[in-house]
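>>> What follows is a predicted structure for the sequence shown.
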Amino acid sequence: MTSEPLPVDYYIPLIMFLIMGAIVPIAALAAVKIISPLKPNSRKLSTYEGGLVPIRDARIQFNVQYYLFAIVFVIFDVEVLFLYPWIYVYASEFMQRYMVFGIMNIAVFEMLMFIAVLLIGLAYAIKKEALRWV
Amino acid sequence: MELSAIIEAISSWAASEPRIYALIIGLIGAAVISGVINIVAMYVVWLERKVLGDIQARYGPNRVGSRWGILQLVADAIKLFTKEDSIPRDADKPIYVWAPIVASMTTMLVAAALPFGAVNIGGKEYPLVVANMDLSALYVEAALSVMTISVFMAGFSSNNKYSLMGAFRGMARMIAYEVPMGVCVISVAIMAHSLNLVEIVQSQTLWYAFAQPLGFIVFTVALITDLGRIPFDQSEAEEEIIAGYTTEYGGIRWGLLYFQEYICMFLGSIMLVLLFLGGWNGPNIPFLTPIAPMIWFFMKVLIVLVFLIWTRGSLLRYRIDQVTDLGWKWMLPLSIVNLAWAVVVGLYFA
């Protein structure tokens, strides 16, 4: 018996929601299996490609440019992850004791530096045309 | 016994037995919310067809179920249930089958942490939320973007060139707008001093749409891209790549994927209302005090939904390179400007 709910208690309903989210489509698919006709033939099961016979497999080697997007995304997503805990401490009294240039506290100053470095990186990526869709 | 006394008794019992309460509320909530979001999504589709009809000076559905066509979606569902369920020969069968199921699980995970309005009993507001976790804003934003995984699963497993192209576009679009969206959520959390959606709503004496208009604009654009709505629906642009990632899907499997999009649209509108439009806050309505917050909440959600449909009716689709450019070169810097604004307001004017 605890009066303060443990963090894990908030996540118990998620399991039920996950199961419910799987049950609904699976039930729909099962119902379709019972009531709908099934008459497959070779043409019906072929891949659609403008009405012609498909030429080769669809899973081609794709452009390396695509990875650059992904790498820049990972960098900035990690930045956002660092911001989430920061919002709880940036205005705390402890941080307010240490002022930089007399206008901002140390937490804000550090995050300013962090974001500035990343924005320089973004400017570099844009200048190098790493973020150009081809 | 008064209604407020009963609710007080239940909530004190819930505080003493949090785990059993979580189990019970999870079971009831999963059943009720699954039903509600599916029915609401049906009427979102109906609303879209009706409003688009009005925009294009035609009637929209007007045969099945009175002259408003309110049973059109039931007829469509019956059609989808009786259609043949065929899986393409060249598809990756397990991934192909699981894509709609993963989509449905994702939308349910989002719905678990979203407050669906609040009721006002005995002068106290009780938010209707199943999993009221401390980080629900972060959680909902993360769960919404998992939707892209099911898009990629569907596109990649179909083994169709159009589907694959749609999947790549969907992924590139998501990663371009994920960061601005996250920064906007952080800006809101900085002003609210919390990441809990209920506390964010309660802290909005001034709507955050007015307190940080730039963040509101960036978040709306990022939300439209996350939902894959015109002008950002490059992953299923029917004029260029047939039906994008759903090209190889038919019958009920297509229906499930299509339906999840509309459920996401409903949940996304709720997210926008909670973060920027004051949630269920609003003046009291005489004689309807207990459900006044609900009325305000769903009126705002309806307005956001009609706005999303309106953009579809009046804007043109961007090219995919324009979309990624807009995301990286405009929305990301603008969201950081908005973050700076939120910090300045939070530190010096609060």
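Yes, it's here.

>>> contacts, neighbours, all on C-alpha from now
OK.

>>> So, low pLDDT: which residues of the chain?
Just going to use chain A. For chain A, applying pLDDT under 70 flags the ranges A:1-7, A:64, A:134.

>>> let's do chain B instead
Ranges of chain B meeting pLDDT under 70: B:1, B:349-350.

>>> For it, which segments count as strands?
B:118-121, B:124-127 (DSSP state E).

>>> Which one of the ones you listed lies nearest to chain A?
strand B:124-127 (15.1 Å; C-alpha to the nearest C-alpha).

>>> partner strands of the closest one, parallel or antiparallel?
strand B:118-121 (antiparallel) (DSSP bridges).

>>> can you dump the C-alpha coordinates of the strand it pairs with into PDB?
Once non-C-alpha atoms are left out, strand B:118-121 reads as follows in PDB (Å, rounded to 0.1, in the frame of the first residue of the first chain):
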ATOM      1  CA  ALA B 118     -12.600  17.300 -18.500                       C
ATOM      2  CA  VAL B 119     -15.800  17.300 -16.400                       C
ATOM      3  CA  ASN B 120     -16.500  19.900 -13.800                       C
ATOM      4  CA  ILE B 121     -18.200  18.300 -10.700                       C
END
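
>>> May I see the buried residues of it?
In terms of neighbour count (16 or more other C-alpha atoms under 10 Å in any protein chain shown), strand B:118-121 has its buried residues at B:118, B:119, B:120.

>>> same deal with stretch B:174-190?
In stretch B:174-190, counting by 16+ other C-alpha under 10 Å, buried: B:174-190.

>>> so which of those residues also contact chain A?
Contacts with chain A are made by B:175, B:176, B:178, B:179, B:182, B:183, B:186, B:189, B:190 out of the buried residues of stretch B:174-190, judged by C-alpha under 8 Å from any C-alpha of the partner chain.

>>> the helices in chain B, which residues?
Along chain B, counting by DSSP state H, helices occupy B:3-16, B:18-55, B:72-81, B:93-113, B:136-157, B:161-192, B:197-202, B:208-211, B:213-227, B:251-276, B:292-314, B:320-325, B:332-344.

>>> chain center to the third one: distance?
Relative to the chain's own centre, helix B:72-81 is displaced by 23 Å; criterion: C-alpha atoms, centre = their mean, to the nearest Å.

>>> Do you have the helices of chain A handy? List them.
Here chain A has its helices, by DSSP H, at A:7-35, A:65-89, A:93-96, A:106-127.

>>> Which of those sits closest to residue B:309?
helix A:7-35 (26.0 Å; C-alpha to C-alpha).

>>> which strands and helices sit next to that closest one?
In this structure, helix A:7-35 makes packing contacts with helix B:18-55, helix B:72-81, helix B:93-113, helix B:251-276, judged by 3 or more C-alpha pairs under 8 Å, 6 or more residues apart in numbering or on different chains; DSSP states H and E.

>>> Briefly note if the last one comes near chain A.
Yes. Contact of helix B:251-276 with chain A is found when judged by C-alpha under 8 Å from any C-alpha, involving B:252, B:253, B:256.

>>> Tell me how many other residues surround residue A:78.
11 (other C-alpha atoms under 10 Å in any protein chain shown).

>>> Please apply the same query to residue A:63.
By other C-alpha under 10 Å, neighbour count at residue A:63 equals 10.

>>> Closest residue of the stretch 101-250 of chain B to chain A?
For the stretch 101-250 of chain B, C-alpha to the nearest C-alpha, closest residue to chain A: residue B:105, 4.1 Å.

>>> Quick one: neighbours of the residue lying closest to that residue once chain neighbours are set aside, just the number.
Leaving aside its sequence neighbours, residue B:105 sits nearest to residue A:21 (C-alpha to C-alpha, 6 or more residues apart in numbering or on different chains; 4.1 Å). When neighbours are counted by other C-alpha under 10 Å, residue A:21 registers 23.

>>> repeat for the one 4 residues further on
Number of residues near residue A:25 (other C-alpha under 10 Å) recorded here: 22.

>>> dump the residue contacts of it.
B:100, B:101, B:104, B:256 (C-alpha atoms under 8 Å, 6 or more residues apart in numbering or on different chains).

>>> how many neighbours does the last one have?
Other residues lying near residue B:256 total 22 when counted by other C-alpha under 10 Å.

>>> Hmm, residue B:100 and it touching each other?
Yes. If you go by C-alpha atoms under 8 Å, residue B:256 and residue B:100 touch, sitting 5.9 Å apart.

>>> now the helices and strands packed on helix A:7-35 as a markdown table including distance to residue A:13?
Formatted as a markdown table, the helices and strands packed on helix A:7-35 follow (distance: least, C-alpha to C-alpha, whole Å):
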| stretch | distance to residue A:13 |
| --- | --- |
| helix B:18-55 | 4 |
| helix B:72-81 | 29 |
| helix B:93-113 | 7 |
| helix B:251-276 | 18 |
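
>>> before we move on, the earlier item: could the ones next to chain A among the buried residues of stretch B:174-190 be laid out in CSV, adding distance to residue A:121?
Listed next are these as CSV, based on distance: C-alpha to C-alpha, whole Å:
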residue, distance to residue A:121
B:175, 17
B:176, 16
B:178, 18
B:179, 15
B:182, 19
B:183, 17
B:186, 21
B:189, 26
B:190, 25
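
>>> which residue packs closest to the one residue sitting closest to the centre of chain A, ignoring adjacent ones?
In chain A, the C-alpha nearest the mean C-alpha coordinate belongs to residue A:77, at 8.1 Å (C-alpha atoms, centre = their mean). The shortest distance from residue A:77 to any non-neighbouring residue, by C-alpha to C-alpha, 6+ apart, is to residue B:179 (6.0 Å).

>>> Over to residue A:10?
Nearest to residue A:10 is residue B:131, by C-alpha to C-alpha, 6+ apart, at 5.2 Å.

>>> Same check on residue B:87?
Residue B:87's closest residue in space is residue A:45 (C-alpha to C-alpha, 6+ apart), at 6.6 Å.

>>> give the contact list for the one you found.
Contacts of residue A:45 by C-alpha under 8 Å, 6+ apart are B:86, B:87, B:88, B:89.

>>> How about residue B:189?
A:87, B:195, B:200.

>>> I'd like to know how many residues surround the nearest residue to the second one once chain neighbours are set aside.
The shortest distance from residue B:195 to any residue that is not its chain neighbour, by C-alpha to C-alpha, 6+ apart, is 5.0 Å, and that residue is residue B:135. Other residues near residue B:135 come to 14 when the count uses other C-alpha under 10 Å.

>>> and what of residue B:246?
The burial count for residue B:246: 25, using other C-alpha under 10 Å.

>>> Would you mind confirming that it makes contact with residue B:153?
No. Counting by C-alpha under 8 Å, residue B:246 does not reach residue B:153; the two are 10.6 Å apart.

>>> which one is residue B:117 nearest to, not counting chain neighbours?
That would be residue B:294: by C-alpha to C-alpha, 6+ apart, it lies 5.2 Å from residue B:117.
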